[in-house]
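Student: okay, structure incoming, though there's no sequence with it:
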């Protein structure tokens, strides 16, 4: 029983610590993304990538959470995603893409640490993410 | 700019507060679950029952535990466990590559189900879908000549 209480106590402390560690990263990203959203950069990115978003059955601004997610993490993706209005099917597609390819810089470093090639794994993840995104966009359109 | 400065500051301020509250709401229960799983060695017991998967994924039996930790809790935990287990019972290079493939395609399933569920994604699709894709890709990779060759090294 002591172990159980200790686990709950440690869990609360770790949860708060992790939240604040992540917030230091997420909040600036959130602010920058809101600014980008209302700046001329956004239409430019949209025009550049929105044709590609069709493969994923996403609207043109779906590219913003995808790119943010690849460089940062799932939490920033969600912060970014909540600034737009996506449908359940679109959110699920974005989630699948980002969950396969996210935090690339950090996780490539972890891959290197366990003795795998960071470059090979990054390329592998990007191609997998594109494949999964296309698949999910197609299935999501059918069932969700 | 297509909106006024006041409007943008307003959106940043309230967006940040709601993001902060959402993260605390998710991370505290999540970390409690992770701690309980750790304290009662739940992961080890589950890994013992999942040995049949080792054959399907072309791995040694001891590779299942670090894989399971990575998939359930996250890449950082998985990598840490992998390094630790490798010290006790050496894991072949081939299994490192296979664990990498599976783990980088699909990891932290509890955490991501929580946070993307709150964000409005279909939890079953993102959890079961990812597990299925990662299993298929890893099972195929284990049978490719490039990966098989690593066994002899």
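Tutor: The structure has been received and is ready for your questions. Computed from a prediction, not measured in an experiment: that's the story for all the values here.

Student: alpha carbons only for contacts and neighbour counts from here, please
Tutor: Fine.

Student: and the nearest residue to residue B:78 once chain neighbours are set aside, what pLDDT?
Tutor: Excluding the flanking residues, the one nearest residue B:78 by CA to CA, 6 or more residues apart in numbering or on different chains is residue B:70, at 3.6 Å. pLDDT, residue B:70: 87.

Student: OK, contacts around residue B:70?
Tutor: Counting by CA atoms under 8 Å, 6 or more residues apart in numbering or on different chains, residue B:70 makes contact with B:76-79, B:103, B:107-108.

Student: and these, which of them are buried?
Tutor: Applying 16 or more other CA atoms under 10 Å in any protein chain shown to the contacts of residue B:70, the neighbour count classes B:76-79, B:103, B:107-108 as buried.

Student: among these, which pair sits farthest apart?
Tutor: Taking CA to CA, the two most distant members of those are B:79 and B:108; they sit 12.3 Å apart.

Student: any idea how far residue A:141 lies from residue B:119?
Tutor: Using CA to CA, to the nearest Å, residue A:141 is found at 19 Å from residue B:119.

Student: phi, psi for residue A:114 please.
Tutor: phi -90, psi 20 (degrees, to the nearest 10).

Student: pLDDT score for residue B:98?
Tutor: 92.

Student: so what's it up against?
Tutor: Counting by CA under 8 Å, 6+ apart, residue B:98 has contacts B:57, B:59, B:138, B:141-142.

Student: kindly report the same for residue A:97.
Tutor: Residue A:97 neighbours (CA under 8 Å, 6+ apart): A:66, A:129-130, A:132-133.

Student: middle-most residue in chain B, spatially?
Tutor: residue B:107 (1.5 Å; CA atoms, centre = their mean).

Student: who has more neighbours out of residue A:141 and residue B:119?
Tutor: In this view residue A:141 and residue B:119 are compared by other CA atoms under 10 Å in any protein chain shown, and residue B:119 has more residues nearby, 19 against 14.

Student: ok, now which ones touch residue B:135?
Tutor: B:57, B:102.

Student: residue B:58 versus that one, what's the distance?
Tutor: Residue B:135 is 11 Å from residue B:58, by CA to CA.

Student: so, low pLDDT: which residues of the chain?
Tutor: If you meant another chain, say so; for now it's chain A. A:1, A:22, A:25-26, A:42, A:144 (pLDDT under 70).

Student: not quite, go with chain B.
Tutor: Using pLDDT under 70, chain B drops low at B:1-3, B:152-153.

Student: which residue of it sits farthest from its center?
Tutor: Outermost in chain B, CA atoms, centre = their mean: residue B:4 at 41.6 Å.

Student: quick check: the gap between that residue and residue A:38.
Tutor: Residue B:4 is 9 Å from residue A:38, by CA to CA.

Student: how many residues are close by residue B:6?
Tutor: 9.

Student: got a list of what it touches?
Tutor: Residue B:6 is in contact with no residue at all, counting by CA under 8 Å, 6+ apart.

Student: for it, give its distance to residue A:82.
Tutor: 20 Å.
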